[in-house]
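> this one's sequence-less:
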């Protein structure tokens with residue numbers, strides 16, 4: 001063996017150099033951890049692969065909000081277009097990869113669960129007695145809401161004449177767009193009403209234009225809830241534009257049948273109303289006048305106050 005060969009350096013074993021990007025943060029053990037686990041009411045059956053990672057047991061972890069999440073959820077202007085809500089959901093529920101595509105009932109369930117994971121199982125809400133008009137704060141057990149939430153009796157299809165119409169729940173993206181467009185049109189109508197400089201003919205023309213836009217928008221939302229239409233010859237129509245043209249041009253009986261079915265599905269998939277019982281009123285001297293009136297109030301989530 002030559003000197004050249006014997007003096008040749010042996011190859012060195014590669015050593016992993018941990019960069020700031022790959023190094024494990026020693027504080028990782030102190031990062032937030034899942035506070036609760038939930039099952040989505042829809043079980044993710046209306047979502048495409050990659051939009052939600054649901055484990056075999058169906059239990060999705062929910063983390064408390066970070067300080068950044070909390071600030072965003074308490075800023076009304078940041079909540080207008082829905083993007084902030086999506087960011088916070090994906091921060092607190094990492095299994096949800098695209099919160100825009102969640103159906104509305106899943107969104108409510110997730111938001112209530114984030115509230116529980118961050119602040120606990122109870123919250124205070126205001127209720128106004130319809131009998132004595134007394135406004136009081138009532139403690140609400142949020143677990144009683146999440147435990148009752150199910151996908152309901154959602155009926156995915158109906159027969160109309162010779163057509164089989166298949167439905168899909170509206171996504172959070174569609175619901176948000178609907179709310180924004182409705183808000184813009186209502187603001188436009190309000191602006192027309194308050195503009196004293198408009199001639200009467202111009203005012204009427206602008207009103208008509210605004211109402212036409214609202215009608216077109218309503219048809220678009222209805223079409224958005226139709227996933228596909230199966231024809232008698234076996235042809236299945238899934239093209240969004242073709243479905244929208246059908247909804248806009250079908251006769252009123254077919255249109256009303258579709259709308260009625262969607263309204264029924266919507267009611268079945270909503271969170272149950274909250275039950276109240278009036279505690280009565282108390283005067284300045286501390287004397288309580290009993291009332292005892294019982295009533296129901298819809299459960300709604302205003303993110304800017306629900307997380308405040």
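Okay, I see it. Just so it is clear, the structure is predicted and the values come from calculations on it, not from any experiment.
> can we go C-alpha only for contacts and neighbour counts from here?
Fine.
> From what I see, residue 33 and residue 65 are in contact.
No - using C-alpha atoms under 8 Å, residue 33 is not in contact with residue 65; the gap is 10.4 Å.
> Quick one: mean pLDDT for stretch 40-49?
Model confidence over stretch 40-49, given as mean pLDDT, is 90.
> More neighbours: which of residue 33 and residue 65?
Neighbours of residue 33 and residue 65, each counted by other C-alpha atoms under 10 Å, are more numerous for residue 65; the result is 22 against 13.
> May I have the phi/psi pair for that one?
Dihedral angles of residue 65 (phi, psi; degrees, to the nearest 10) stand at phi -70, psi 150.
> for residue 226, same thing?
As for residue 226, its main-chain torsions (degrees, to the nearest 10) stand at phi -90, psi 120.
> what do you get for the one 4 residues further on?
With angles defined as degrees, to the nearest 10, residue 230 shows backbone torsions of phi -100, psi 120.
> Test my guess that it contacts residue 236.
Yes - here residue 230 reaches residue 236: they are 4.5 Å apart, a contact under C-alpha under 8 Å.
> Need the residues touching each of the two.
Residues touching both residue 230 and residue 236 by C-alpha atoms under 8 Å, 6 or more residues apart in numbering: none at all.
> for the stretch 201-308 of the chain, what spans make up the helices?
Using DSSP state H, counting those that start in this stretch, the helices assigned to the stretch 201-308 of the chain run over residues 240-249, 252-268, 303-306.
> which residues touch the residue sitting nearest the centre point of the chain?
In the chain, the C-alpha nearest the mean C-alpha coordinate belongs to residue 107, at 3.4 Å (C-alpha atoms, centre = their mean). Remark: with contacts taken as C-alpha under 8 Å, 6+ apart, residue 107 is in contact with 99, 172.
> following the host helix or strand of it, which helix or strand comes up?
Taking DSSP states H and E as the criterion, residue 107 maps to helix 104-119. Proceeding C-terminally, helix 104-119 gives way to strand 122-128 as the next helix or strand, assigned by DSSP H and E.
> Summarise which helices and strands that next one is packed against.
Strand 122-128 is packed against strand 135-141, helix 142-146, with contacts defined by 3 or more C-alpha pairs under 8 Å, 6 or more residues apart in numbering; DSSP states H and E.
> quick revisit: what's the distance between the helix holding residue 107 and the middle of its chain?
Mean C-alpha position of helix 104-119 versus that of the full chain (C-alpha atoms, centre = their mean, to the nearest Å) differs by 10 Å.
> what's the answer for stretch 109-125, then?
Distance, stretch centre to chain centre, for stretch 109-125: 15 Å (C-alpha atoms, centre = their mean).
> same check, this time on stretch 118-130
Offset of stretch 118-130 from its chain centre (C-alpha atoms, centre = their mean): 20 Å.
> Straight-line length of that stretch, end to end?
Using C-alpha to C-alpha, to the nearest Å, the span of stretch 118-130 from its first residue to its last is 33 Å.
> Excluding covalently adjacent residues, which one is nearest to residue 86?
For residue 86, ignoring the flanking residues on the chain, the nearest one in space by C-alpha to C-alpha, 6 or more residues apart in numbering is residue 99 at 5.4 Å.
> tell me the contacts of that neighbour?
Residue 99 makes contacts with 51, 86, 89, 90, 107, 172, as judged by C-alpha under 8 Å, 6+ apart.
> Count the residues that sit near the closest residue to the fourth one other than its chain neighbours.
By the measure of C-alpha to C-alpha, 6+ apart, the closest residue to residue 90 outside its immediate chain neighbours is residue 96, 5.8 Å from it. The local packing of residue 96 (other C-alpha under 10 Å) involves 22 other residues.
> ok, now residue 221?
Here the number of neighbours of residue 221 (other C-alpha under 10 Å) works out to 16.
> cool, and residue 116?
By the criterion of other C-alpha under 10 Å, residue 116 has 22 neighbours.
> Let me see the contact set for it.
Residues in contact with residue 116 (C-alpha under 8 Å, 6+ apart) are 122, 142, 143.
> surely the first one meets residue 140?
In other words, residue 122. Yes - using C-alpha under 8 Å, residue 122 and residue 140 qualify as a contacting pair, with a distance of 5.5 Å.
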